[in-house]
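Novice: Model the following, please.
(chains A and B)
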Amino acid sequence: MRETTAFKVFRVVVIVVLTIFVALPLYVMIVSSVKPLADVQSTFTWWPTTFTIQPFIDIWTTVPLAQYFGNSVIVSTAASLCSVIIATFAAYGVSRWRFRGRSVFTTAVLSTQMFPGILFLLPLYIIFVNIHTATGIPLVGTLWGLIITYLTFTLPFAIWMLTGYFDNIPRDLDEAAKVDGASALTTLFRVILPVARPGIVAVIVYSFITAWGELLFASAFVGQFQNLRTLSVGLTQYSSETAVFWNQIMAASLVVSVPVVVGFLLLQRNFVAGLSAGAVK
Amino acid sequence: MAITTATPSPQAVRPGGGGKDGVKRHQSKPWLPYALIAPAVVFELLIHFTPMVTGIWISFLELTNYFIANWSQAPFVGFHNYGIAISLTNAQGAALLNSFAISCGFTLVVVGLSWGFGMSAAVALQRSFRARAIFRTIFLIPYAIPIYAGIIAWKFMFQQQTGVINQMIVFLHLATPTSQPFWLIGSNSFGALCVVAIWRTWPFAFLMLMAGLQTINEDLYEASALDGARPFRQWRSITLPELGAVNKVLVLVLFLWTFNDFNDPAILFGESQPPAGDLVSWHIYNNAFTIQNFGFGAAMSTLLLLFLLVVSVLYLLFVNRRSTRA
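Specialist: Numbers count the residues shown, from 1 in each chain, chains lettered A, B, ... in the order given. Prediction:
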């Protein structure tokens, strides 16, 4: 396929402009994280006067970063795994059966994307407190409340994406399994899931990223408990203090970003494939 | 809503007794799809729908800090909170309207430019060329990076004395070192907010559009090229219509996420709340939680929900009518 000169110019301009826009904060983050404190307290320089890795050491004592990190890992892992399991069952049901209430279910689930988080933040907290006092299930003062909140937040998009993915898997596979006497769940686990791996991976990645970055509900639910704060709450609070060690917080940002960014980039092919399937609907 | 038809019975999810009723199996177990969606229904009810209904109910109460310890005793005040929220003669009502207007401007700018950037990048990277994978990877980083990490980096860049933005402005002689602008307080904060929001929003548009482009049959382009269609013409007559389904969802989702945006102002501005960056979620949060008037906060949130609902429904009606006519 021939490309016109105009298209080539367009491509170069788009790529150059967007690369600078995207990369500038990343560069600032990286270069500031290896600067001594004096450097980040005066006019910005593109290169450190002296190169130091001290910020990467100091940040662990400036804020309880290990604690925040642990909490974020627990919450994000649990939420994304639960979300993908629940979404898989729901998407399988929606994709393979025509039942009464099906479209109401899919519409209702997608409509939750419209709810302003700010509207149900306080009511949800009140509900958690009541469940806690009534049944003893510890939803307040623990990470459980955050886990079930996040898994629910990611369900709508996960169900939508997986339904699209399952719809693209030919029914002949199901029929063949059925003829062999496989139950519906056996079909799901032995036939559908192996084919749907990219979609499953995409959902896990999406849920993990969402949970890892959420701030509003985390501040409300665990913000007042020093030992339960997640990275989003802890680092945001620190960045709002009056005297911020910017080199240290840039180092911290880098440390918490690298695992998710690397994981995402390794799995991006799956992610795009999963989205494509959802998108063709 | 959906909920009455789906009897939640999580224990039913266990694999049913083997049997060899073959093809007719699905008819013989009409409860099976309901069992499959039951866990999702339970969580949606608990975390999304019940709190929302409770929130709407709270908006009719005088739920101030005086009653918060014993919130069931808060007096019912009917539409009193709504009256304050929509009254323009009242300072709080006027502040809400102002905040709504800022959010509208913010959403237009952020969704428009994010979509434009995402579409440009997706089309630029549509055909393979050397280094395509590298640029695709770079463009996706702001989506993968934790929201707060990206915004905190921008917050540092926008610092008045030590930030890179003012360093560049001085370098380009647009300001002298003594007259460097403030970005996180005052009227510039709206621009700063938009830049940060676009930075972390456009990669999602890029991602969705790129995924959509992969489903377009290459033959369409080949055929139109034979007919002499130039790239822009191809984009208008092939790419855009073929991406219709993706765009429909994408624009709606971008609109909802951007209008409800809380993270950007909360992290960027922290305790200082510049009036120019007073997005509606942030405004409601500050009113409900710092002033501790939760009933009024709930009324404002309910109005926000109504607004989003009306816009979404109108949008979907408009888009669907156009697509059935085409």
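Novice: C-alpha only now, for contacts and for neighbours.
Specialist: Fine.
Novice: How about the residue in the stretch 201-326 of chain B that chain A sits nearest to, nearest residue that isn't a chain neighbour?
Specialist: When C-alpha to the nearest C-alpha is the measure, the stretch 201-326 of chain B has its nearest residue to chain A at B:A211, with 4.5 Å between them. Nearest-residue entry for B:A211: A:S276, 4.5 Å, with adjacent residues in sequence omitted and distances by C-alpha to C-alpha, 6 or more residues apart in numbering or on different chains.
Novice: so how many other residues sit close to the one you found?
Specialist: A count of nearby residues for A:S276, using other C-alpha atoms under 10 Å in any protein chain shown, gives 25.
Novice: and if you look at B:M168?
Specialist: Neighbour count for B:M168, taken as other C-alpha under 10 Å: 13.
Novice: Would you quantify the distance from it to A:L24?
Specialist: For B:M168, the distance to A:L24 (C-alpha to C-alpha, to the nearest Å) stands at 12 Å.
Novice: And A:V104, by the same measure?
Specialist: To A:L24, A:V104 is 45 Å away according to C-alpha to C-alpha.
Novice: now the end-to-end length of stretch B:46-55.
Specialist: Stretch B:46-55 has an end-to-end distance of 13 Å (C-alpha to C-alpha).
Novice: what's near enough to touch residue 73?
Specialist: All of this is about chain A. By C-alpha atoms under 8 Å, 6 or more residues apart in numbering or on different chains, the contact list for A:V73 reads A:W212.
Novice: meant chain B, my bad for not saying
Specialist: By C-alpha under 8 Å, 6+ apart, the neighbours of B:Q73 are B:F67.
Novice: try 10 Å
Specialist: Listed by C-alpha atoms under 10 Å, 6 or more residues apart in numbering or on different chains, the contact set of B:Q73 reads B:L61, B:E62, B:L63, B:F67.
Novice: Most neighbours among those, which one is it?
Specialist: In terms of neighbours by other C-alpha under 10 Å, these top out with B:L63 at 27 neighbours.
Novice: Neighbours of the nearest residue to it once chain neighbours are set aside, how many?
Specialist: Closest residue in space to B:L63, ignoring its immediate chain neighbours: B:G295 at 4.7 Å, by C-alpha to C-alpha, 6+ apart. Using other C-alpha under 10 Å as the criterion, B:G295 is surrounded by 26 other residues.
Novice: what's the answer for B:D219, then?
Specialist: Neighbourhood size, B:D219 [other C-alpha under 10 Å]: 9.
Novice: Now for it: which residues touch it?
Specialist: B:D219 makes contact with B:A225 under the criterion C-alpha under 10 Å, 6+ apart.
Novice: Remind me which helix or strand it belongs to.
Specialist: Following DSSP states H and E, one finds B:D219 within helix B:218-226.
Novice: isn't A:L151 right up against B:F43?
Specialist: Yes. Between A:L151 and B:F43 there is a contact at 8.5 Å, judged by C-alpha atoms under 10 Å.
Novice: Now do the contacts for B:G297.
Specialist: If you count contacts by C-alpha under 10 Å, 6+ apart, B:G297 has them with A:118-119, A:122, B:55, B:58-59, B:63-64, B:81-82, B:85, B:281, B:283-289, B:291, B:303.
Novice: From these, keep the buried residues only.
Specialist: With neighbours counted by 16 or more other C-alpha atoms under 10 Å in any protein chain shown, these contain buried members at A:118-119, A:122, B:55, B:58-59, B:63-64, B:81-82, B:85, B:281, B:283-288, B:303.
Novice: Is the residue most central in space within chain B in a helix, a strand, or coil?
Specialist: Nearest residue to the geometric centre of chain B (C-alpha atoms, centre = their mean): B:W257, 0.6 Å. Classification of B:W257 by DSSP: H, G, I helix; E, B strand; the rest coil places it in helix.
Novice: for it, what are its contacts?
Specialist: Contacts for B:W257 were tallied using C-alpha under 10 Å, 6+ apart; they are A:Q113, A:M114, A:F115, A:P116, B:T107, B:V111, B:T201, B:V251.
Novice: can we see that at 8 Å?
Specialist: Contact criterion C-alpha under 8 Å, 6+ apart gives no residues in contact with B:W257.
Novice: swap in B:N260?
Specialist: B:N260 is in contact with A:P116, A:G117, B:V280, B:S281, counting by C-alpha under 8 Å, 6+ apart.
Novice: How are the strands of the stretch 51-200 of chain B distributed by residue range?
Specialist: Along the stretch 51-200 of chain B, counting by DSSP state E, counting those that start in this stretch, no stretch forms strands.
Novice: Low-confidence regions, chain A specifically.
Specialist: For chain A, applying pLDDT under 70 flags the ranges A:1-2, A:278-281.
Novice: same thing with chain B?
Specialist: For chain B, counting by pLDDT under 70, the residues that fall below are B:1-28, B:68-69, B:71, B:324-326.
Novice: Can you identify the helix in it that spans the most residues?
Specialist: helix B:91-124 (DSSP state H).
Novice: which strands and helices sit next to that one?
Specialist: Contacts defined by 3 or more C-alpha pairs under 8 Å, 6 or more residues apart in numbering or on different chains; DSSP states H and E place helix B:91-124 against helix A:5-33, helix B:80-86, helix B:189-213, helix B:244-259, helix B:280-285.
Novice: Nearest the middle, which residue of chain A would you pick?
Specialist: Residue closest to the mean C-alpha point of chain A, counted by C-alpha atoms, centre = their mean, is A:I209 at 1.7 Å.
Novice: Am I right that that one is in contact with B:Y148?
Specialist: No. Between A:I209 and B:Y148 there is no contact, the gap being 11.6 Å when judged by C-alpha atoms under 8 Å.
Novice: now the helices: where do they sit in the stretch 1-150 of chain B?
Specialist: For the stretch 1-150 of chain B, helices defined by DSSP state H, counting those that start in this stretch occupy the ranges B:25-28, B:32-43, B:50-58, B:80-86, B:91-124, B:132-144, B:147-157.
Novice: by contact count, what packs against the last one?
Specialist: If I follow you right, that is helix B:147-157. Applying 3+ C-alpha pairs under 8 Å, 6+ apart, one finds that helix B:147-157 contacts helix A:5-33, helix A:231-239, helix A:246-279, helix B:189-213, helix B:263-269.
Novice: The fourth one vs helix A:246-279, what angle?
Specialist: Orientation note: helix B:189-213 sits at an angle of 40 degrees relative to helix A:246-279 (axes from the mean of the first three to the mean of the last three C-alpha atoms, to 10 degrees).
Novice: Tell me what angle helix B:189-213 forms with helix B:91-124.
Specialist: Using the same axes, to 10 degrees: helix B:189-213 against helix B:91-124 is 40 degrees.
Novice: Quick check: buried residues in helix B:189-213?
Specialist: B:189-213.
Novice: And the second one, by the same measure?
Specialist: Within helix A:231-239, the residues scored as buried using 16+ other C-alpha under 10 Å are A:L231, A:S232, A:V233, A:G234, A:L235, A:T236, A:S239.
Novice: when you check chain B, which of those residues turn up near it?
Specialist: Residues of those in contact with chain B (C-alpha under 8 Å from any C-alpha of the partner chain): A:S232, A:L235, A:T236, A:S239.
Novice: What separation do you get for the last one and B:V195?
Specialist: Translated: A:S239. Here the distance between A:S239 and B:V195 works out to 19 Å (C-alpha to C-alpha).
Novice: Nearest to chain B: which residue in the stretch 51-200 of chain A?
Specialist: Of all residues in the stretch 51-200 of chain A, the one sitting closest to chain B is A:A90 (4.2 Å; C-alpha to the nearest C-alpha).
Novice: Now name the helix or strand holding that residue.
Specialist: helix A:65-96.
Novice: Kindly calculate the angle that whichever helix or strand comes after that helix makes with helix B:32-43.
Specialist: Past helix A:65-96, heading to the C-terminal end, the next element that is a helix or strand (DSSP H and E) is helix A:102-111. Following the same axes, to 10 degrees, one obtains 30 degrees for the angle between helix A:102-111 and helix B:32-43.
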